[in-house]
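Participant: sequence first, then the predicted structure, then my questions.
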Amino acid sequence: MTAKITDVAVAIFEKPDGRFLLSSRPEGKPYPHYWEFPGGKIEPGEDVYAALVRELIEELNVTITHATPWFAFIMRYTHATVRLHCWRVQAWQGNMRGMEGQRFEWQSIGALTVSPTLPGCVPIFAALRLPRVYAITNAGFKGVVAYREDLAHALQAGVKLIQVREKNMSPAELRAFARDVVSEAHSHGAKVLINSDAATAADVGADGVHLTAAQLAACTSRPDFPLVAASTHTRAEIERAGELGLDFVVLGPVNETLTHPDQVPIGWPRFGEIINATPVPVFALGGLALSDMTHAIESGAHGIAAQRAFS
């Protein structure tokens, strides 16, 4: 028998410095005194936003004034199977206090001061570790020497996640280039994924691999890397990435691109429809600039991926 799934709205309160809010579970509920992201069950006829507004008034005495969708995933507990709909909460009003006697604390990823946390927090913590921007190399367009200068500037500006994607390099050229990118990126605390080539990723000490859509379709288990991402064009492909436990995907093209002028862009409205409650965080891709970040977040994206925006 298929387990009943209870839909739950989850609020990730965010401060500009990256801190997020966790609250303790009160007595009388499963997992008492465990820490979790605030939220609660979505009632029949409610959408996620309405449930968040209601639950946060009831739990923390605050009213949301701005929140954006993020991603959703299923978590199986001994007492219930829940689908957690995660939304980022950027603005709220009211004096925060535990209306059910629960405690709450502002936390930083990688430096938690509260425990234990619910198992459902783990995928959210992993998503919070992902930067908002995903830079894709374009040395084939710029030239290796010029691109290395761009890379240095991007890393100094704070870029922390890079995909090496150089389809026109020979295997030897790719390995040499990727090894240089990994070395430079790691010196700045940034992580690197290699597009479509797990052997090169392992050889150069990269942090992960970025699968093509074709590789994603053929994949039967998650590749053995700390970070695994994939290129997607459909909701079905994103769902497959979730089944495999991938860390994130890119979806596009949102706008027209120089590299793929023959591809019809999906546009922001369709992009938002496709990624509604996806099981993994999604980066918007295709003809984007840093100025598109707000639009991407409002559409439900984790952030943006681009080649030329970071040059």
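Facilitator: Received the coordinates, thanks. Numbers count the residues shown, from 1 in each chain.
Participant: can you tell me the average pLDDT over the top helix by length along the chain?
Facilitator: Longest helix of the chain, by residue count under DSSP state H: helix 171-187. Averaging pLDDT along helix 171-187 yields 97.
Participant: so how far is R54 from the residue lying closest to L84 once chain neighbours are set aside?
Facilitator: Distances taken as C-beta to C-beta, 6 or more residues apart in numbering put V10 closest to L84, at 4.9 Å, once the chain neighbours are dropped. Placement of C-beta: from N, CA and C, glycine included. V10 sits 14 Å away from R54, going by C-beta to C-beta, to the nearest Å.
Participant: just the mean pLDDT for stretch 27-41, thanks.
Facilitator: Across stretch 27-41, the average pLDDT comes to 93.
Participant: and it, what's buried?
Facilitator: By neighbour count on 16 or more other C-beta atoms under 10 Å, the buried set for stretch 27-41 is Y31, Y34, W35, E36, F37, P38, G39, G40.
Participant: list the contacts for the closest residue in space to the fourth one that isn't next to it in sequence?
Facilitator: Closest residue to E36 apart from its sequence neighbours, by C-beta to C-beta, 6+ apart: L118 at 4.5 Å. Under the criterion of C-beta atoms under 8 Å, 6 or more residues apart in numbering, the neighbours of L118 are R25, Y31, Y34, W35, E36.
Participant: distance between the ends of stretch 111-131?
Facilitator: By C-alpha to C-alpha, to the nearest Å, the extent of stretch 111-131 from end to end equals 17 Å.
Participant: same question, stretch 70-89
Facilitator: Taking C-alpha to C-alpha as the measure, stretch 70-89 stretches 10 Å from start to finish.
Participant: ok, now stretch 93-113?
Facilitator: By C-alpha to C-alpha, the extent of stretch 93-113 from end to end equals 26 Å.
Participant: please compute how far that stretch lies from its chain's middle.
Facilitator: Offset of stretch 93-113 from its chain centre (C-alpha atoms, centre = their mean, to the nearest Å): 22 Å.
Participant: again with stretch 295-311
Facilitator: Mean-position distance between stretch 295-311 and its chain equals 11 Å (C-alpha atoms, centre = their mean).
Participant: helices and strands of the protein: which one has the lowest mean pLDDT?
Facilitator: Counting by mean pLDDT, DSSP states H and E, the chain has its least confident helix or strand at helix 139-142, which shows a mean of 87.
Participant: and that helix, which residues are buried?
Facilitator: Neighbour-count burial for helix 139-142 flags A139, G140, K142 (criterion: 16+ other C-beta under 10 Å).
Participant: save these as CSV, and put in distance to P265 too.
Facilitator: Converted to CSV, those look like this (distance: C-beta to C-beta, whole Å):
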residue, distance to P265
A139, 25
G140, 22
K142, 23
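Participant: coming back round to it: between V10 and R54, which has more neighbouring residues?
Facilitator: Set V10 next to R54 and count neighbours by other C-beta atoms under 10 Å: V10 wins out with 26 against 16.
Participant: who are the contact partners of the more buried one?
Facilitator: V10 touches F37, P38, G39, L84, H85, C86, W87, G120, I124, counting by C-beta under 8 Å, 6+ apart.
Participant: how does it look with 7 Å?
Facilitator: By C-beta atoms under 7 Å, 6 or more residues apart in numbering, the contact set of V10 is F37, G39, L84, H85, C86, W87.
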